[in-house]
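S.K.: when you get a sec, could you give me coordinates for this:
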Amino acid sequence: MFYLISALLQIIDREAVEEVRSNREIPEIKPGYDIQLKVEVPENKRRISTIKGTVIAKRNAGLQSTFRIRRHEAGVCIESLFPLYSPNIKEMKVLGKRRVRKAKLYYLRDRMNALKKQ
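M.R.: Sure, this is the predicted structure:
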């Protein structure tokens, strides 16, 4: 019984991902890619904010897939976690690709801070 429910949930999840991908172009992103996002920020009025950064991690979980971006803002490093299929992400563009040998680039946290101190 559990396997039947699990299989049905996977089918529903896969169909939801295909529906989102048909409505909006989502490029292939991997750790090490430099990307630019245009995100709708909910304030008093909804405005579009541009975010540029390096993808340091990606979690594949169907419709709940997420990716983590690390960027420099006014001399401070900021990490942000975004859902891949979020309706608040209006545009996603790959600016550059770096070849990396790890799936999670958490070691960049120490390296970027070390470069900033010198």
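S.K.: give me the three-state assignment for residue 87.
M.R.: At residue 87, secondary structure determined by DSSP: H, G, I helix; E, B strand; the rest coil is coil.
S.K.: quick check: phi and psi at it.
M.R.: phi -70, psi -10 (degrees, to the nearest 10).
S.K.: going forward can the numbers begin at 59, since that is how I track them
M.R.: All right, first residue 59 from here; so that's residue 145.
S.K.: any idea how far it is from residue 165?
M.R.: 33 Å (Cβ to Cβ, to the nearest Å). For the C-beta atoms, the positions are set from N, CA and C on the backbone; glycine is no exception.
S.K.: need the strands for this protein, in chain order.
M.R.: Shown for the chain, the strands assigned by DSSP state E span residues 92-100, 104-117, 124-131, 134-141, 147-154.
S.K.: quick one: distance of the lengthiest helix in the chain to the chain centre.
M.R.: For the chain, the helix that runs over the most residues, judged by DSSP state H, is helix 60-81. Offset of helix 60-81 from its chain centre (Cα atoms, centre = their mean, to the nearest Å): 20 Å.
S.K.: do you know how far the residue nearest the centre of the chain is from residue 133?
M.R.: The centroid of the chain falls nearest to residue 125 when counting by Cα atoms, centre = their mean (3.0 Å). Distance of residue 125 to residue 133, computed by Cβ to Cβ: 24 Å.
S.K.: same check on residue 103?
M.R.: Note on residue 103: its distance to residue 133, by Cβ to Cβ, is 29 Å.
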